[in-house]
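S.K.: here's a sequence, model it:
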Amino acid sequence: MSWLGVLAERDFRQLFLARTISLLGTSIAPIALAFAVLDDLGGSATDLGIVLAAASVPQILFLLVGGVWADRLPRYLVMVASDLTMFAMQAATALLLFTEAAELWHLALLQGVRGIASAFFFPAATGVVPQVVSAERLQQANALLGLTVSSASVVGALVGGALVATAGPAAAIAFDAATFLASAAFLFRIRPPKNLTLPARRFVRELKEGWQEFTSRTWLWVIVAVAALDNMVAQGAFFVLGPVVADDSLGGATAWGLIMAGFGAGFVGGGLLMLRFKPERPLFAACVALLLFAFPFPLLAVAAPAPLIAAAALVAGFGLEIFGTLWNTALQEHVPRERLSRVSAYDYLGSFVFIPIGLAIAGPIADQIGIAEALWAAGAIVLASTVAQLFVADIRNLRRLGAETTGAAPAEAEA
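M.R.: Numbers count the residues shown, from 1 in each chain. The predicted structure follows:
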């Protein structure tokens, strides 16, 4: 079976196109937002951390709500509503920057609303994949989504760096807004099988059911607990201190775009591998691959040349994409379909819960101990915590399931 055969399935093809387009803009947005704060508003690393945390906190607070509603409602419509909301917020951000009326609190507020919309989007996006693709193509679908997202991130990072350097952050954020609108148009064309949503019941009961599913699997909650620590450390170090290093020592937005493109190129390589590589013990392979994520931090710490940091980011992205594909497939294979979005919401909540803290404290910690020291520490923590996961037997020994045991309904194919 050709790995591109999954695109013959009509509804998956709409999802694929929507995700590719929206992620093209999303890969530009962090570069644009960082330099809008640092350059247009004359902000500091701490100011940037505040704006990023303002987007992250509401996302975390609403993730469980988003997970419940994604199990109650047609998931593709939840994604459409989220995309339209994110379009409005990014368009408003761009307008304020174009008119030079933007203040720090404006950006924080608008990014906060965007964070709420993303809290509904992510659980729905995880849960919709098994609804729109046949079971035997599930890993191919996840790998292809990751691959196209990665390809978009390479292009987006390079274009974003150049666009910010030439046209300014406002133009880059306006482009991101337009991609959300295009994504919503593709998602609206999805027609998944009927009767795949839950009747509305008591909210607390639905949350409890999701929590029981989440905590009943040691491999699931351990990996999410480690992700909570890693994401707090890595997101703060990379997305707050990284742009500062680029702005001070590497040449600004163009250099940072190159580094982000390195990550994207690594995602592409990992995605290509995962189209065919199906390890019998998927989470063991995923955690080994995740060790590569620690590579860029020491090079950022010493302000190595941007191409060298980009190469390390490529290696890190390769590992992250392998981990992400295998992780999503394991969730979709082992968690009952009717509870998948709620379990996914607990996954995202646990993984994201400490990110605002990491974003908010990265600048002050760097002020106290130095940017280089903070980056060295971040790399060491990521490496040590990832190694620790490999000592958990449930992670090492989890086996992949065959298509006949996942219970996926075949999706409609169209030549």
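S.K.: now the residue lying closest to residue 284 once chain neighbours are set aside: which helix or strand?
M.R.: Using Cβ to Cβ, 6 or more residues apart in numbering and skipping the chain neighbours, the partner closest in space to residue 284 is residue 396 (4.8 Å). C-betas here are computed from N, CA, C, even on glycine. Per DSSP states H and E, residue 396 falls inside helix 393-397.
S.K.: what does that helix contact?
M.R.: 217, 218, 219, 222, 223, 281, 283, 284, 287, 389, 390 (Cβ atoms under 8 Å, 6 or more residues apart in numbering).
S.K.: and for stretch 218-231?
M.R.: Contact with stretch 218-231 is made by 214-215, 283, 287, 293, 327, 330-331, 343, 346-347, 350-355, 358, 381-382, 385-386, 388-389, 392, 394-395, 398, as judged by Cβ under 8 Å, 6+ apart.
S.K.: and the residue nearest to residue 284, how far is that from residue 76?
M.R.: As judged by Cβ to Cβ, to the nearest Å, residue 396 and residue 76 stand 36 Å apart.
S.K.: repeat that for residue 370.
M.R.: Using Cβ to Cβ, residue 370 is found at 47 Å from residue 76.
S.K.: quick one: low-confidence parts of the stretch 101-250 of the chain?
M.R.: Scanning the stretch 101-250 of the chain for pLDDT under 70 picks out 149-150, 153, 192-201.
S.K.: can you show me the strands along it?
M.R.: Read by DSSP state E, counting those that start in this stretch, the stretch 101-250 of the chain holds no strands at all.
S.K.: can you give me the helices in it?
M.R.: Here the stretch 101-250 of the chain has its helices, by DSSP state H, counting those that start in this stretch, at 104-132, 138-166, 169-187, 203-215, 218-236, 242-245.
S.K.: compare these and report which one is nearest to residue 80.
M.R.: Judged by Cβ to Cβ, the one of these that comes nearest to residue 80 is helix 169-187, at 4.8 Å.
S.K.: okay, stretch 221-232 in CSV with CA atoms only?
M.R.: What follows is stretch 221-232, C-alpha atoms only, in CSV (Å, rounded to 0.1, in the frame of the first residue of the first chain):
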residue,chain,number,x,y,z
TRP,A,221,0.4,9.6,33.1
VAL,A,222,4.1,9.0,33.6
ILE,A,223,5.0,10.4,30.1
VAL,A,224,2.6,13.4,30.6
ALA,A,225,4.2,14.1,34.0
VAL,A,226,7.7,14.2,32.5
ALA,A,227,6.3,16.3,29.6
ALA,A,228,5.0,18.8,32.2
LEU,A,229,8.6,19.3,33.5
ASP,A,230,10.3,19.3,30.1
ASN,A,231,7.9,21.7,28.5
MET,A,232,8.1,24.2,31.4
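S.K.: just the buried members of the contacts of stretch 218-231?
M.R.: Buried members of those, scored by 16 or more other Cβ atoms under 10 Å, are 214, 283, 287, 293, 327, 330-331, 343, 346-347, 350-355, 358, 381-382, 385-386, 389, 392, 395, 398.
S.K.: about what we covered before: more neighbours: which of residue 370 and residue 76?
M.R.: Legend: neighbour count by other Cβ atoms under 10 Å for residue 370 and residue 76, higher for residue 76 (23 against 12).
S.K.: wouldn't the more buried one be in contact with residue 125 here?
M.R.: No: using Cβ atoms under 8 Å, residue 76 is not in contact with residue 125, being 9.5 Å away.
S.K.: quick one: residue 31 and residue 157 touch, right?
M.R.: Yes: here residue 31 lies in contact with residue 157, judged by Cβ under 8 Å, at a distance of 6.8 Å.
S.K.: what's the overlap in contacts for the two?
M.R.: The contact lists of residue 31 and residue 157 share 257, 260, where a contact means Cβ under 8 Å, 6+ apart.
S.K.: so between the two, which is more surrounded?
M.R.: The neighbour comparison of residue 31 against residue 157 (other Cβ under 10 Å) goes to residue 31, with 30 against 26.
S.K.: which of the helices or strands spans residue 97?
M.R.: Taking DSSP H and E as the criterion, residue 97 maps to helix 75-98.
S.K.: pLDDT averaged over that helix - what is it?
M.R.: For helix 75-98, the mean per-residue pLDDT is 90.
S.K.: do the same with stretch 267-278
M.R.: Stretch 267-278 comes out at a mean pLDDT of 82.
S.K.: now what about stretch 241-249, what contacts it?
M.R.: With contacts defined as Cβ under 8 Å, 6+ apart, stretch 241-249 is touched by 31, 34-35, 38-39, 45, 48, 252-253, 255-256, 259, 300, 303, 306, 362-363, 366, 371, 374-375.
S.K.: got it, and stretch 263-272?
M.R.: 27, 143-144, 146-157, 289, 313-322, 325.
S.K.: for stretch 370-381, same thing?
M.R.: 229-230, 233-234, 236-238, 241, 244-245, 294-298, 300-303, 362, 365-366, 369.
S.K.: let's go with 10 Å and repeat that
M.R.: For stretch 370-381, contacts defined as Cβ atoms under 10 Å, 6 or more residues apart in numbering pick out 45, 229-230, 232-238, 240-242, 244-245, 248-249, 293-303, 358, 361-369.
S.K.: so residue 359 sits right up against residue 60, yeah?
M.R.: No: between residue 359 and residue 60 there is no contact under Cβ atoms under 10 Å: 11.6 Å.
S.K.: the two: who's more crowded?
M.R.: Shown here are residue 359 and residue 60; by other Cβ under 10 Å, residue 359 has more neighbours (26 against 19).
S.K.: for stretch 295-305, list the C-alpha coordinates in CSV.
M.R.: Coordinates of each C-alpha in stretch 295-305 appear next as CSV, following Å, rounded to 0.1, in the frame of the first residue of the first chain:
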residue,chain,number,x,y,z
PHE,A,295,20.9,19.1,21.5
PRO,A,296,20.2,22.8,20.8
PHE,A,297,20.4,24.2,24.3
PRO,A,298,24.2,24.1,24.8
LEU,A,299,24.8,25.6,21.4
LEU,A,300,22.4,28.5,22.2
ALA,A,301,24.2,28.9,25.5
VAL,A,302,27.5,29.6,23.8
ALA,A,303,25.8,31.6,21.0
ALA,A,304,27.3,29.3,18.3
PRO,A,305,26.8,30.3,14.7
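S.K.: re earlier: buried subset of the contacts of stretch 370-381?
M.R.: Neighbour counting with 16+ other Cβ under 10 Å marks 45, 229-230, 232-238, 240-242, 244-245, 249, 293-301, 303, 358, 361-363, 365-366 as buried within the contacts of stretch 370-381.
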